[in-house]
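# Need a 3D model of the following:
(4 chains, ligands or ions: 4)
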Amino acid sequence: MIKFEDVTKIYPPDTIGLEGVDLHIEKGEFVFLVGPSGSGKSTFIRLLIKEIDPDRGKIAVGGRDLGTLRKWKVPYLRRNIGCVFQDFKLLSSKTIFDNVLYALQVTGNGGSSAKRKVSEILNLVGLSHKASNYPDELSGGEQQRVSIARAFVNHPPLLIADEPTGNLDPETSNGIMQLLYRINKTGTTVIMATHDREMVDAMRRRVIALDDGQIVRDQRRGGYGEA
Amino acid sequence: MIKFEDVTKIYPPDTIGLEGVDLHIEKGEFVFLVGPSGSGKSTFIRLLIKEIDPDRGKIAVGGRDLGTLRKWKVPYLRRNIGCVFQDFKLLSSKTIFDNVLYALQVTGNGGSSAKRKVSEILNLVGLSHKASNYPDELSGGEQQRVSIARAFVNHPPLLIADEPTGNLDPETSNGIMQLLYRINKTGTTVIMATHDREMVDAMRRRVIALDDGQIVRDQRRGGYGEA
Amino acid sequence: MGKLKFFLGEALRSLRRNYFMTIAALVTVFLSMAVLGAVMVFVYNIEAVLKDVEQKVEISVFLKDSVTAEQIETLQAEIVGWEEVKESQFVSKDEALQRLKEDMGEGADVVEDLGRNPLPASFEISLNDPEEVGGIASRLEGREYIDEVSYGQEIAERIFQVTSVIRNILVVFLVMLGGVSILLISNTIRLSIYARRKEVEIMKLVGATNWFIRWPFVIEGIVVGTVGAAAALAVVQLGTDFVVERIRENLIFLSVPFDAISLVQLAIVLLGVGALIGATGSGLGLRRFLNV
Amino acid sequence: MGKLKFFLGEALRSLRRNYFMTIAALVTVFLSMAVLGAVMVFVYNIEAVLKDVEQKVEISVFLKDSVTAEQIETLQAEIVGWEEVKESQFVSKDEALQRLKEDMGEGADVVEDLGRNPLPASFEISLNDPEEVGGIASRLEGREYIDEVSYGQEIAERIFQVTSVIRNILVVFLVMLGGVSILLISNTIRLSIYARRKEVEIMKLVGATNWFIRWPFVIEGIVVGTVGAAAALAVVQLGTDFVVERIRENLIFLSVPFDAISLVQLAIVLLGVGALIGATGSGLGLRRFLNV
Ligand SMILES: Nc1ncnc2c1ncn2[C@@H]1O[C@H](COP(=O)(O)OP(=O)(O)OP(=O)(O)O)[C@@H](O)[C@H]1O
Ligand SMILES: Nc1ncnc2c1ncn2[C@@H]1O[C@H](COP(=O)(O)OP(=O)(O)OP(=O)(O)O)[C@@H](O)[C@H]1O
Ligand SMILES: [Mg+2]
Ligand SMILES: [Mg+2]
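Ligands and ions are numbered 1, 2, ... in the order given. Here you go, the predicted model:
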């Protein structure tokens, strides 16, 4: 599903984002991405959706080489990747409902079945009552859940979540984890960057640990802090 | 230090932010504010710095009634409150260094002693090497630490932190908590909204739990989830 | 068609939600277009006045006293037959004397004292295109019963010089003003897009194609451009009516054809330019933010 | 003074960091001011032409043939003594006849045939303020050796009517254009502040007073306003020189005083207005975002 070959990303002039990362993630895997603040987790994710390009190395997603992917094809790549952004990235001029719906509309699918899907997913993350509010009228955790809903609504084959529970209380976090777990069970590949030690330790899934842009651990059934 | 009397904040048209909150926080206390997503923690904090006004009730900070506080005096109130915002609120057109320095400059203090203070605090949060970067060149956790540095730099008598470790790994979080602890020891009142169960349970300080805008628990030496 | 409806809906929703920027853009379109429209009306009217002035250049063909009525008739018929000629009028010796008296006013008694009439009969010829005056004059010169052909060569050349300079200045000014309007409007549109660049970035990141993002902006631009231009059109029309009314009242003797430019022409230009700048300004202004 | 330095530094830093908006604002100021400046130059020159035309209104005082050289001298002295009078010129009977011949051109031989000279001697009086022509004329009327006082009343009134209408239209247009410029510029400034409203909000939240936030914006506004206006000034000056050069070449006979408005005047107005709109536009545009 995902292949990194000696990928290096340097932010000008000389900040290391990622350095010499080799990686293979199979279809259907559930991967935790851990590492201290500034270790390159978000950089990894931004490379995956081709928000930025690597300075060196090769990235392939779903068999497509991102380096040679034509510009106009990038949107089609992104529609197959649901992404929960660390800073949410909600459209401030659209209501919550329309924010989530937009992810379906870009695929040319905005009819009543799409609207039903949006209602369902908003219900799932507990925000039905905020459907017609705007993002700046929501609490931090609520915004985060909207971002999660938008990433899920499309049932993409690859789901990426950048610290999706950072602003959520443990109970809601657990709910989201359950959701991710169930989604993964249906065959969706899930990659999740997180700082939540409890959660990683409880799930016992593959853990990739980054430090200073390099992979320092890649463990089949790891915990948050193990060596 | 802080007194809430029957404070209610309703966001138009009918969303409850806070409802009938009575509260007393003494000078020098360390208070955790917990509660599920959307329970009113940020609303409480926004009321404290008079970013919003309550619909009912009285709020006093440091003996000053916020309801009768003249408009032009509000900046002077805010200079005495260091605030770490949930969404960081960094000035995107200023470098990290200048962002932190700005909190000193508003008080008319921008000389070389101020600059030394800024360097020190940036060192403390581990961001000396990012001093001349702009906020959008920082990782989520790094931005959060800048917000923390800005709130601390002024040594305000009241420190408010809205989920200041949401984007930080456990180790860095611990560092920040140590810092808050030491600051509190010097007599500074600290209020911290958080979802970090481990931390709250470990510290055993006063815990105020909100749910749906109401105080459901106020415990002298509480944990995150106790009844 | 579902798509068109979607894009239209998006555009209108955005115009409403970002009303501050909508108003700013509308104000700019309105003001630029109003100035452009007013100056267009002004230039077109001046042009009409210039044409009028140029029409004053006529050829006078002075006839020998020996000419017969028959010869006069033949000549008149020939001249009127030329397609360059708009009108040819015969002025008899008596009429010429009468005119001289009228022209002289104070000094009229000088003429009264004359025993005989020394003035020649003449044709006064006005042309469709006054600039051909030289050619026509030379065509007539030297015929046997014609004494002299005169068209005030020096005056005529001066008039044409003056009108052509004024014309050039006005046209250059109008074109420049058009350019200024376009720049001002697209500038404002770019600024309003700039304020929304984060939104555009997000749209790209969740999988929208460039055109999917662009269409609503283009429609927004067309709406703002057209509405602003329509308002400008209305104001220019009312303003022109008001000014013309006052000029007519105060300067009844002036013969300016104040309908030199029609409402339809003006509307086509203003609305067309407004919609076009709105659309292209939005479409192009987006480009640099779509590279995500 | 440390504060001024800080505010200045903030303003310049912000101009650099937000260069996109800086350029947008500069473009707007430059274009609006260039159009305003060009029209100002135009209006001032037209005004000079109008004055010139009005100066053509003169009083002719026709004297009886019985008047003596002494009386002529006394009258001349008296007239020149009046402060309203700019110039008074005596035209003798012979000179009058000579002029008539020149004026008539074709019909000059009519005059040749005369035995005697029927024309009167006269004074031609031009005034400092041509509109006082009526008063001066009536002051002279009815004196014993004066036959008639004439100032072409009808023509004079028409000229004043025409010039006053043109003047009114131009002044109204100029004032409106000034208003338009101000609106366009403050509109752009408001938009560029709007794009930074979040920043302003944050500044307030970390304890900045309104004026602490406002000063850098005001300075930014002054810089943009002045620089934009200076560029416009330069372009208008170069453009005027170019146009005047061409007019002088092509229309050597025109006596328009093309230095009707001086560079200094223009500079004061444009730079002053630029700086003022920049400052107030920024200062006022901020207001609604300072309420946090
Ligand atoms: N646009 C940028 N320009 C320059 N440096 C950048 C940029 N974005 C990120 N960096 C730097 O790259 C490094 C990795 O950043 P990244 O965002 O990938 O960290 P992260 O693992 O997501 O951290 P966190 O847990 O704090 O979100 C950091 O040192 C950061 O400062
Ligand atoms: N500007 C606003 N307009 C309308 N409703 C708002 C606004 N701000 C907050 N709310 C609502 O008020 C409630 C309390 O919000 P608040 O931000 O205080 O929650 P919180 O406890 O900080 O949650 P979180 O842990 O997710 O940050 C939420 O339901 C939220 O949707
Ligand atoms: Mg990150
Ligand atoms: Mg909150």
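# what's near enough to touch the residue of chain A found nearest ligand 2?
Closest to ligand 2 within chain A is A:Gly141: 2.5 Å, counting by Cβ to the nearest ligand atom. Using the backbone N, CA and C atoms, a C-beta is placed for each residue, glycine as well. A:Gly141 is in contact with A:167-169, A:172, B:36-38, counting by Cβ atoms under 8 Å, 6 or more residues apart in numbering or on different chains.
# Which of those has the largest number of neighbours?
In terms of neighbours by other Cβ atoms under 10 Å in any protein chain shown, those top out with B:Gly38 at 27 neighbours.
# Let me see the confidence value for the closest residue to that one other than its chain neighbours.
Spatial nearest neighbour of B:Gly38, chain neighbours left out: A:Ser139 (4.6 Å); criterion: Cβ to Cβ, 6 or more residues apart in numbering or on different chains. Listed pLDDT for A:Ser139 reads 95.
# How is chain A divided into domains?
Following automatic domain parsing, one gets these domains for chain A: A:1-80+A:156-222, A:92-155.
# So for C:Ala96, which of those domains sits nearest?
C:Ala96 lies closest to domain A:92-155 among the domains of chain A, at 80.2 Å (Cβ to Cβ).
# measure that closest one end to end?
24 Å (Cα to Cα, to the nearest Å).
# what's the offset of that domain from the middle of its chain?
Offset of domain A:92-155 from its chain centre (Cα atoms, centre = their mean, to the nearest Å): 16 Å.
# One more: stretch C:72-81?
For stretch C:72-81, the distance to the chain centre is 35 Å (Cα atoms, centre = their mean).
# May I see the buried residues of that stretch?
Residues C:72, C:75, C:79 are the ones in stretch C:72-81 that count as buried (16 or more other Cβ atoms under 10 Å in any protein chain shown).
# go on, stretch C:235-250?
C:235-236, C:239-240, C:243, C:247.
# Not counting stretch C:159-176 itself, show me its contacts.
Here stretch C:159-176 has contacts from C:39-40, C:43, C:46-47, C:50, C:53-54, C:56-57, C:130-131, D:38, D:243, D:246-247, D:250-251, D:254, using Cβ under 8 Å, 6+ apart.
# As a markdown table, the contacts of A:Gly141 with secondary structure, distance to ligand 2 and pLDDT would be great.
Listed next are the contacts of A:Gly141 as a markdown table, based on DSSP: H, G, I helix; E, B strand; the rest coil; distance: Cβ to the nearest ligand atom, whole Å; pLDDT from 0 to 100:
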| residue | secondary structure | distance to ligand 2 | pLDDT |
| --- | --- | --- | --- |
| A:Asn167 | coil | 6 | 90 |
| A:Leu168 | coil | 7 | 92 |
| A:Asp169 | coil | 7 | 91 |
| A:Thr172 | helix | 8 | 90 |
| B:Pro36 | coil | 7 | 94 |
| B:Ser37 | coil | 4 | 93 |
| B:Gly38 | coil | 4 | 93 |
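# nearest to chain C, of the residues you listed?
A:Asn167 (18.3 Å; Cβ to the nearest Cβ).
# Surely that closest one and A:Ser147 touch.
No. Counting by Cβ atoms under 8 Å, A:Asn167 does not reach A:Ser147; the two are 10.1 Å apart.
# Wait, C:Ala96 touches C:Leu119, no?
Yes. Using Cβ under 8 Å, C:Ala96 makes contact with C:Leu119 at a distance of 4.0 Å.
# which one of these two has more residues nearby?
Set C:Ala96 next to C:Leu119 and count neighbours by other Cβ under 10 Å: C:Leu119 wins out with 24 against 18.
# Okay, and the more buried one sits in which element?
Assigned by DSSP states H and E, C:Leu119 belongs to neither a helix nor a strand.
# Thank you, goodbye.
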